[in-house]
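1. Give me coordinates for this.
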Amino acid sequence: MPNRIYVINDRCTGCTACSKVCPVTCIDMVARPTEDKAKGVKWPKLAVIDEIKCIFCGACVDTCNQLGEKAKKPDIFHAIVMEKEIVASTGPALDPTAYKGVWCYAEQRHGKLMPTIYELLHVGRQLADSLQEDLSAVLIGHNVAAAAQDLIEHGADKVYVFDDPMFAQFLDEAYALALTELIKQEKPNKLLMPASTIGRSFGSRVAIMANTGITADATELSIDPKTRMLNATRPSFGGNLMATILCEKHRPEMATVRPMSFPRAPQMPGRQGKIMNVKFDPSKYKIKAKFVEFVPEVSKTVDITAAEKIVSGGIGLGKADGFKMIEELAELLGGAVGASRAAVDKGWIPYRHQVGLTGRTVRPKLYIACGISGAIQHLAGMSSSEFIVAINKDPQAPMMQLASLSVEGDVYEILPAVIKEIQALKN
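-> Numbering: from 1, shown residues only. Have a look, this model is predicted:
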């Protein structure tokens, strides 16, 4: 039986509560049909659900049922019925006890560890301690074995190292085969990967080859104490909804983690752990892809995810030209240029500068918000900044309430004065 969802006309009051909570806006309120009026139904409106657009999340059902509990009237509410298809399992039942340990993939580029691994080790340690299991790192590359001790000093109990000329340059196919083979041998319980270009590129391939699921771009991770399952939460529907994803019937439970969502694990010099050198025989596999050439990106723009100082502009700038001030101040500070979603949607600045749930998550030492009121999606992407300066005409704006230092006034008067002062100090 396919999924179905429908409204019981006699019970629907047309209150609009269901349409307000629907994340995909698939519920409309329409005039009630004549036959309902003939039955004596007094409510003029009726909810109608577009089953094609519906994602069967159940938000409307829960809301209607909650109203029914509060109203305590047996003849209204409890008006939405959802019937979901039950898919029978075709394989053997999963034995979760056969899978142990939390793994973190240590991304490296040209022999250098990317800082995302320290963030993964931080949250990975929390998950491993909740499960009372070991925390391991997986390192794939060439001439990278020396980095294994660094991973142990940042919290890994064990490091699996693939060190072979075959892995000198990143190739999805080769890296995925190596990691999948290790997963099948060692059976980890959870696997975290960075939601970077590389992590996104081959993480999904690994999930398919290992016959498991993966949550993309997670910003929150926790362990359910009752089920010991991974709760991986990520923004959905343009950041308007936070969805927690579960992988009940497959292991390892995988997630790519948005950079800057967690602090870095501290280094503990001299910490001891196990280093496991993994042998990988490439002759067993037919790898079709070949590395041809690496061409580095040439850009004067500082990447906001790695910046220690960020100057951001929002819709309060009023025009695209306002970003010239933002760029000038960012350059003087040696920082990056950020933006709110509203400014990006206006076309004032490219998407790569967008900060927030639907853009980038940042964690700079200094964040200067100019003309940004502070929608919850934006705050979620930068609220972990060490010191926040907000410049806005509205003293009640959420960003002004969050800021370490709030400056009430016109950004076009304040920023030029700040720029002039910094230039004077530099001269």
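2. Contacts only, for residue 55.
-> By CB atoms under 8 Å, 6 or more residues apart in numbering, residue 55 lies in contact with 23, 24. Heads up, the C-betas are built off the backbone N, CA and C, glycines and all.
3. What spatial separation is found between it and residue 224?
-> Between residue 55 and residue 224 the distance is 23 Å, computed by CB to CB, to the nearest Å.
4. Repeat that for residue 50.
-> 33 Å.
5. For the nearest residue to residue 303 once chain neighbours are set aside, name its beta-bridge partners.
-> Spatially, and ignoring its direct neighbours in sequence, residue 303 is nearest to residue 336 (6.6 Å; CB to CB, 6 or more residues apart in numbering). On the basis of DSSP bridges, residue 336 is bridged to residue 310.
6. Could you list the low-confidence segments of the stretch 151-300 of the chain?
-> Within the stretch 151-300 of the chain, the segments meeting pLDDT under 70 span 237-240, 297-300.
7. One more pass at 80, please.
-> 236-241, 280-289, 294-300 (pLDDT under 80).
8. list the buried ones in whichever strand or helix holds residue 331?
-> Using DSSP states H and E, residue 331 sits in helix 322-333. Of all the residues in helix 322-333, those buried under the rule 16 or more other CB atoms under 10 Å are 322, 323, 325, 326, 327, 328, 329, 330, 332, 333.
9. That helix - contacts with which helices or strands?
-> Secondary-structure packing of helix 322-333 (3 or more CB pairs under 8 Å, 6 or more residues apart in numbering; DSSP states H and E): strand 309-313, strand 336-339, strand 366-370, helix 411-426.
10. dump the residue contacts of the residue lying closest to residue 383 once chain neighbours are set aside.
-> Nearest residue to residue 383 in three dimensions, chain neighbours excluded: residue 402, at 6.4 Å (CB to CB, 6+ apart). For residue 402, the contact set (CB under 8 Å, 6+ apart) comprises 374, 379, 383, 388, 390.
11. what's the helix or strand for the last one?
-> It refers to residue 390. Residue-wise, residue 390 maps onto strand 387-392 under DSSP H and E.
12. Show me what that strand is packed against.
-> The contact analysis (3+ CB pairs under 8 Å, 6+ apart) places strand 387-392 against strand 366-370, helix 398-402, strand 405-408, helix 411-426.
13. Now do that strand: distance to the chain's middle.
-> 25 Å (CA atoms, centre = their mean, to the nearest Å).
14. Equivalent analysis for stretch 289-306, please.
-> Centroid displacement of stretch 289-306 relative to its chain, using CA atoms, centre = their mean, is 22 Å.
15. tell me the contacts of residue 309?
-> Contacts for residue 309 (CB under 8 Å, 6+ apart) come out as 330, 333, 334, 335, 336, 364, 365, 366, 367, 368.
16. Could you count how many residues lie near the last one?
-> Counted with other CB atoms under 10 Å, the neighbours of residue 368 add up to 28.
17. looking at it, it is touching residue 311, isn't it?
-> Yes - at 4.6 Å, residue 368 counts as touching residue 311 under the criterion of CB atoms under 8 Å.
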